[in-house]
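Undergrad: output the structure for:
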Amino acid sequence: MNSSNSLEARDLAALRQSVIEQARLDFDNRYPHLEFPPAVALICAYEEEGAIGDVLAKMPSEACGLPLMTLVVVDGGEDRTAEISESSGATTFVFPRNLGHGVALQVGYRLCVEQGASYVVTLDADGQNDPAELPSMLQPLVDDEADFVVASRRLGVDTTTDRFRKVGVVVFSSIMNRMTGAHLTDTSNGYRALRVSMLADVVDRLRQEQYQTAELLITCLKRGWRVTERPTMWLPRQAGTTKKGKNWLFGFRYARVVLSTWWRER
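TA: From the prediction side, this is the model:
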């Protein structure tokens with residue numbers, strides 16, 4: 001990396017950190033005595049005002065006998081996502097500008113580590129994951145059968161119609177299994193249950209601003225954490241459009257994250 005690119009990277013990192021610190025100050029002012037329960041449902045949202053209200057209305061208040069808190073990290077944006085999240089009763093952390101889904105997840109992970117939660121379940125804000133399935137995702141962690149549970153639309157039911165994405169799920173799962181020695185059917189699913197002690201081990205190794213699903217999974221597998229799957233329903237997006245870009249661009253970027261993470265963690 002030349003000096004110009006290095007300076008630009010440092011400037012971007014400093015800007016990102018400033019945005020996060022500003023958001024944390026606002027969060028602490030709004031929730032001065034907040035205590036996290038053992039289980040947290042983490043939703044990262046960018047301009048999802050058309051879907052997030054319905055998602056939050058379906059969130060359970062307990063799972064597997066544990067109280068469950070819903071934490072929404074709003075990744076900037078110009079719509080009413082943050083307002084709807086707060087009015088729905090979700091604990092809401094708001095970035096003043098967009099930083100990327102991966103950064104929002106990292107902030108959510110660090111909050112859970114810092115606040116002493118035991119388990120985190122991540123799900124999408126667009127309605128493609130069914131909150132009713134959250135207990136089945138969490139149960140292997142509670143039973144100490146796994147540290148990382150990935151939802152599988154291939155073991156469950158995929159009600160969407162994008163054939164390119166369906167083929168991509170098969171292809172990327174095969175590639176990642178060969179890289180890591182795992183036997184997973186759906187390695188690109190954002191519906192995941194995670195042990196917080198595992199997150200404490202890996203969160204500082206995460207770098208991706210987007211497409212963090214592959215990075216997190218490869219890192220955890222390479223560091224010896226136990227990963228399993230549970231069948232789930234994959235639903236069409238409730239409103240709005242995908243933030244992942246066109247299929248070819250998503251595939252290219254996702255492949256780049258897979259290869260770069262594997263090379264780093266090999």
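Undergrad: where do the strands of this structure begin and end?
TA: If you assign secondary structure with DSSP state E, the strands in the chain sit at 39-45, 62-63, 66-74, 91-94, 119-122, 148-158, 192-195, 227-234.
Undergrad: among those, which is nearest residue 15?
TA: Counting by Cβ to Cβ, residue 15 lies closest to strand 91-94 out of those; the figure is 16.9 Å. All C-beta atoms are positioned from the backbone trio N, CA, C, and that covers glycine.
Undergrad: the closest one pairs with which strands, parallel or anti?
TA: Looking at strand 91-94 with DSSP bridges, its paired strands and their directions are strand 66-74 (parallel).
Undergrad: helices along the stretch 51-200 of the chain, start to end?
TA: 52-57, 81-87, 101-114, 134-142, 163-180, 196-202 (DSSP state H, counting those that start in this stretch).
Undergrad: which positions within the last one qualify as buried?
TA: Buried positions in helix 196-202, judged by neighbour count with 16 or more other Cβ atoms under 10 Å: 196, 198-199, 201-202.
Undergrad: tell me what it is packed against?
TA: helix 101-114, strand 119-122, helix 212-222 (3 or more Cβ pairs under 8 Å, 6 or more residues apart in numbering; DSSP states H and E).
Undergrad: deepest-packed of the ones you listed, please.
TA: When neighbours are counted by mean count of other Cβ atoms under 10 Å, the highest per-stretch mean among these falls to strand 119-122, a mean of 26.
Undergrad: what are the contacting residues of that one?
TA: 38-44, 63, 66, 105, 108-109, 112, 134, 137-138, 141-142, 190-196, 199 (Cβ atoms under 8 Å, 6 or more residues apart in numbering).
Undergrad: what about it, average pLDDT?
TA: The predicted model gives strand 119-122 an average pLDDT of 98.
Undergrad: what's the distance between it and the middle of its chain?
TA: How far strand 119-122 lies from its chain's middle: 9 Å, per Cα atoms, centre = their mean, to the nearest Å.
Undergrad: for stretch 189-209, same thing?
TA: With Cα atoms, centre = their mean, you get 8 Å for stretch 189-209.
Undergrad: next, the distance between the ends of it.
TA: Distance across stretch 189-209, first residue to last, is 17 Å (Cα to Cα, to the nearest Å).
Undergrad: do stretch 45-61 as well
TA: End residues of stretch 45-61 are separated by 20 Å (Cα to Cα).
Undergrad: and it, which residues are buried?
TA: Judged by neighbour count (16+ other Cβ under 10 Å), stretch 45-61 contains these buried residues: 45-53, 55-56, 59.
Undergrad: outside of it, which residues touch it?
TA: Under the criterion Cβ under 8 Å, 6+ apart, external residues in contact with stretch 45-61 comprise 41, 43, 67-68, 70, 72-81, 84-85, 88-90, 98, 101, 104, 123-127, 130-132, 134-135, 237-240, 243.
Undergrad: what average pLDDT does that stretch get?
TA: 97.
Undergrad: number of residues surrounding the residue lying closest to residue 221 once chain neighbours are set aside?
TA: Beyond its immediate neighbours in the sequence, the residue positioned closest to residue 221 (Cβ to Cβ, 6 or more residues apart in numbering) is residue 180, lying 4.3 Å away. With neighbours defined by other Cβ atoms under 10 Å, the count for residue 180 comes to 19.
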